[in-house]
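Trainee: got a structure for you, letters missing:
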């Protein structure tokens, strides 16, 4: 999966004394093929010291069931080694999923398209963004 970063700042409507500033980073917006018995992942970082109320918004559409998973770095290392890891979010097998996941901790995280149980390649259209307030 290609890593694409785009920063977009929008000024929200607020009172005359305070404007709400919402920022987003586009993590991915593409169509990709995840081969059978494989996974594809993109890493991203959350820093709650500078990001207020960050959230991960992801939408996928797939030609066959695939798992959409979000993990922290420690669990991703276990996952990569074939161990039993815990995700912050796991869609289970799905051909379509939309998530709005609050990201309450700082750290490095991984957005994973998991086709390790699949017998054929899966074509996936995915869009993922992080939103937060400044």
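Mentor: In hand now; what should we look at? Source: prediction; values computed, not measured.
Trainee: other SSEs contacting the helix or strand harbouring residue 70?
Mentor: Using DSSP states H and E, residue 70 falls within strand 52-72. Packing contacts for strand 52-72, counted by 3 or more Cβ pairs under 8 Å, 6 or more residues apart in numbering; DSSP states H and E, involve strand 89-90, strand 94-102, strand 107-115, strand 122-133. Yep, even glycine has a C-beta here, placed from its N, CA and C like the rest.
Trainee: buried sites along it?
Mentor: By neighbour count on 16 or more other Cβ atoms under 10 Å, the buried set for strand 52-72 is 54-56, 58-60, 62, 64, 66-72.
Trainee: after it, next one along is what?
Mentor: Strand 52-72 is succeeded, C-terminally, by helix 73-80 (DSSP H and E).
Trainee: so where is the chain shaky, pLDDT-wise?
Mentor: For the chain, residues meeting the criterion pLDDT under 70 lie at 1-19.
Trainee: dig out what the residue nearest the centre of the chain forms beta bridges with.
Mentor: For the chain, the residue nearest the mean C-alpha position is residue 111 (4.1 Å; Cα atoms, centre = their mean). On the basis of DSSP bridges, residue 111 takes part in beta bridges with residue 42, residue 70.
Trainee: I figured it hits residue 41, correct?
Mentor: Yes. Counting by Cβ atoms under 8 Å, residue 41 is a contact partner of residue 111 at 6.7 Å.
Trainee: follow-up on the earlier one: return the most buried member of the helices and strands packed on strand 52-72.
Mentor: strand 107-115 (a mean of 21; mean count of other Cβ atoms under 10 Å).
Trainee: what residues does it touch?
Mentor: Where contact means Cβ atoms under 8 Å, 6 or more residues apart in numbering, the residues beyond strand 107-115 that reach it are 1, 27-28, 32, 34-46, 56, 58, 60, 66-73, 76, 79, 87-88, 103, 121-122, 124, 126, 128.
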